[in-house]
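1. Everything below, folded, please.
(chains A and B)
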Amino acid sequence: MATAHDDMSWIRRNRMTLTPLLFLAPGVLFFLAYVIIPILQSFNISLYDWDGLGQATYIGLDNYRELATDRAFEISLWNNVKWLVLYLLAIPAGLFIALFLNQTIVGIRLYKSLFFFPFVISQVVVGLVFSWFYLPREGLLNAVLGVVGLGPINVLGDPTLATYGIIAAGLWPQTAYCMILYLTGLNAVDPEQIEAGRLDGAKGWRMLWHVILPQLKPATFIAFVVTIIGALRSFDLISIMTNGGPFGSTRVLSFYMFEKALSEYGFRMGYGSAIAVVLFLIMLVFIGYFLWSMYQDEKAARH
Amino acid sequence: MLNTLKATVGTLALSAGLTTMALAEDLSGTLRIISDMSNPAPRAVMEGLAAGFDEQHPALTVELEVVDREAWKSQIRNALTANPPDVVNWYAANRMGPYVRAGLFEDISDMYASGDLPGLDSVKGAMTMDGKQWGVPYTYYQWGIYYREDIFNELGLSEPATFEEEIANCQKIIDSGRKCYTIGSKFLWTAGGWFDYLNMRTNGFDFHMQLARGEVEWTDDRVRETFANWRKLIDMGAFIDNHQTYSWQEALPFMLKGEAAAYLMGNFVVPHLREAGLGDDQIDFYQFPKIADVAMGEDAPTDTFHIAANAQNKAAARAFLQYVTSAEVQTKINAADGLGQLPVNANASVGDDEFLQQGFEMLSTNATGGIAQFFDRDFPAEMAALAMEGLQEFMVFPDNLDDILNRLESARGRIYK
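-> Residues are numbered from 1 along each chain as shown, chains lettered A, B, ... in the order given. Coordinates of the predicted model:
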């Protein structure tokens, strides 16, 4: 009797700790099984020469040494950098479209939906539409260029242009995404502060920069996060529009990893994992920064 | 559609009844087949095969799963390792390598040795690896130059037999404002076909196979000669522009509209040309012309059936392989209204079709050099992927040749260990 009472009181005494732990447990378990452990496995596999079927041979850092001399890897890495930098254009573009659409006129909902449309349709469809747009003979782009006396150009067939062509296609839905984030953010902008700013004589750019943008900081942060992650994850558009070509000039790390490890001619699991590890480390820089800045915000909020 | 399907099934079952009467013991249990014959016509054939075999063995249930042909190329690994089916589709020659080495395909040498597979002697080689046989072929098809007969007639050209004639023809085609060849190299393998032929014609079949096995340097002068011949065509503007942007299907309209006169392709291109409205008086076929004085080698990719090493019902699987390769079934499934390809059994008859007859004639009388599978099936997968990328680059920027060959040579040193 006394022991049972003690047991109950132990659970009672610790329930403030136990309850959150119990609620967290399923999530943590799945996160471990599907995220953390696979990451560690990738690290491990990257040290082996393995075709996914037979025996794996330990080869130390040979896969990484090969990466260092692999030109296709170098091209993929540079393309990732291009994606990262140019994809960020979606943030200012989204902001200006949001500012433009943030007014009350008849039918504004319709216009907003139209601008948001590219984000709703699948990336595969976006890729297809843009590859038709870029078609060397029938494409709309060359028709337009022809009117102003330029072209024709074969954007996706030219190794110097193809990556930019794909990024442009990617910017279309990404801009819509950022626009929605900013539209939501603009709803939360305090009208009294704008009023106060106006009384102090601020308008146009100064109003935007000093009064509105600071209030949009949370939206900007989220837009930054999703855009960076979107740039590093780019895969579907490349696969649809050029399949990594012409001659490998539009590959990014994720696509190269897929080709080496999982595609028809691939199945070098170790080498693919090594590429995945490099991609992970690059992402880790950004993820680390995001986590750190979120932690700072939380800390500031607690004071 | 349903009616024709039923009719196919019916006739298949009928012919099958005649063929395998010899089978003494009857089969029971379940036979699980995973097939990659996902295009409409092959799918109907495969469903007919499964139904026919099922009907023949009352105690046996045949379970057929048809998966997408492209997806199967990466799915086969999982399929063979976890809960494997009894019979799967795959490809002959080097493409079998990873599964043979990993012990996932059943060794069926005894079936060839004991005479269970009559009429397959000539195709046995493509199924042999490490001195054993690992499956059976069920169909193959020729490659060659499919051309617009009406354009040739209009320009007064005849089928060329030598490379000089080919180039002379091509010059006249270009002068008439057309391109000689359409090609879509976005997915790279079409360029592999051109290299196969140019290399086999310039240096011979045996050299081509040495290169495939990694025994010759890519920077070898003989390889350069192949590229020099290729460059003659590129420099005269023989190929359509922007081919790196098109898939092989997207390159078809150039030939359909008469903007390009010919297409180096496998026989599977013929239904596409016919469906698009070209009559048999507008399309014809010739063998890739002679370049150097070497015996002609040909590409004739072979598709196959294999038994999984961990299959549950191997007796039924073996009987199915016999059934598929029997002369009657071979005649039936490869006929013009079936797969429209060539039967693998020497006792089967070739479909009543201009292109099948020509292809069969070419492969049996004028391919004395040897029969290759195809660039990406003869070369190891990784080498093929890198090389085909180089071939595409060469077709767009021929001046990059040295860089490309050095790259391939250093890859050769790493890949063939």
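2. how about the strands in chain B?
-> Counting by DSSP state E, one finds strands in chain B at the ranges B:29-35, B:60-66, B:87-91, B:128-129, B:132-133, B:136-140, B:143-148, B:179-181, B:260-266, B:283-286, B:297-299, B:302-307, B:370-372.
3. Flag every residue of the stretch 101-250 of chain A that's near chain B.
-> With CB under 8 Å from any CB of the partner chain as the criterion, the stretch 101-250 of chain A meets chain B at residues A:Leu135, A:Pro136, A:Arg137, A:Asn154, A:Leu156, A:Gly157, A:Thr242, A:Asn243, A:Gly245, A:Pro246, A:Phe247, A:Gly248. C-beta here means a position set from N, CA and C on the backbone, and glycine is covered the same way.
4. Tell me who's in contact with A:Phe255.
-> Counting by CB atoms under 8 Å, 6 or more residues apart in numbering or on different chains, A:Phe255 touches A:Ser76, A:Phe235, A:Ile238, A:Ser239, A:Gly244.
5. repeat that for 6 Å
-> Remark: with contacts taken as CB atoms under 6 Å, 6 or more residues apart in numbering or on different chains, A:Phe255 is in contact with A:Phe235, A:Ile238, A:Gly244.
6. what about the closest residue in space to it that isn't next to it in sequence, how many neighbours?
-> Take A:Phe255 and drop its neighbours on the chain: the residue closest to it by CB to CB, 6 or more residues apart in numbering or on different chains is A:Ile238, 5.1 Å away. Other residues near A:Ile238 number 27, with proximity taken as other CB atoms under 10 Å in any protein chain shown.
7. what element comes up after the helix or strand A:Ile238 falls within heading to the C-terminus?
-> For A:Ile238, the enclosing helix or strand under DSSP states H and E is helix A:236-241. Tracing the chain C-terminally past helix A:236-241 and defining elements by DSSP H and E, one meets helix A:253-261 next.
8. where's that next one relative to the chain centroid, distance-wise?
-> The gap between the average C-alpha position of helix A:253-261 and the chain average comes to 17 Å, counting by CA atoms, centre = their mean, to the nearest Å.
9. any idea of the mean pLDDT in it?
-> Helix A:253-261 shows a mean pLDDT of 92.
10. any idea which helix or strand comes after it?
-> That would be, after helix A:253-261 and using DSSP H and E, helix A:269-302.
11. on that earlier part again, can I get the strands of chain B in TSV including distance to chain A, mean pLDDT and mean neighbour count?
-> Putting these into TSV (distance: least, CB to the nearest CB, whole Å; pLDDT from 0 to 100; neighbours: other CB atoms under 10 Å in any protein chain shown) gives the following:
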stretch	distance to chain A	mean pLDDT	mean neighbour count
strand B:29-35	17	94	20
strand B:60-66	19	94	17
strand B:87-91	11	94	24
strand B:128-129	15	90	18
strand B:132-133	18	94	18
strand B:136-140	20	93	25
strand B:143-148	20	96	24
strand B:179-181	13	96	22
strand B:260-266	13	95	25
strand B:283-286	23	94	20
strand B:297-299	18	93	25
strand B:302-307	15	94	24
strand B:370-372	18	89	20
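12. could you dump the ones you listed to TSV with distance to B:Ala251?
-> Supplementary listing: those in TSV, determined by distance: least, CB to CB, whole Å:
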stretch	distance to B:Ala251
strand B:29-35	28
strand B:60-66	27
strand B:87-91	23
strand B:128-129	34
strand B:132-133	37
strand B:136-140	23
strand B:143-148	12
strand B:179-181	9
strand B:260-266	7
strand B:283-286	15
strand B:297-299	18
strand B:302-307	23
strand B:370-372	23
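13. residue ranges for the helices of the stretch 1-150 of chain A, please.
-> Ranges of helices within the stretch 1-150 of chain A are A:2-13, A:15-31, A:37-45, A:62-69, A:71-87, A:90-101, A:108-120, A:123-134, A:140-147, based on DSSP state H, counting those that start in this stretch.
14. just curious, which of the residues of the stretch 101-250 of chain A next to chain B is nearest to A:Leu208?
-> Proximity of those to A:Leu208 was ranked by CB to CB; the top entry is A:Leu156 with 36.8 Å.
15. For that closest one, grab the count of nearby residues.
-> 28.
16. Over to A:Leu95?
-> 25.
17. swap in A:Ala219?
-> Taking other CB under 10 Å as the criterion, the count of residues near A:Ala219 is 24.
18. Report the residue ranges of every domain in chain B.
-> B:2-140+B:301-348, B:143-299+B:374-415 (automatic domain parsing).
19. now do the same end-to-end measure for stretch A:41-51.
-> One end of stretch A:41-51 sits 15 Å from the other (CA to CA, to the nearest Å).
20. Now it: average pLDDT?
-> Mean per-residue pLDDT for stretch A:41-51: 93.
21. Which positions within that stretch qualify as buried?
-> Judged by neighbour count (16 or more other CB atoms under 10 Å in any protein chain shown), stretch A:41-51 contains these buried residues: A:Ser42, A:Ile45, A:Ser46, A:Leu47, A:Tyr48, A:Asp49, A:Trp50, A:Asp51.
22. I appreciate the help and will end here.
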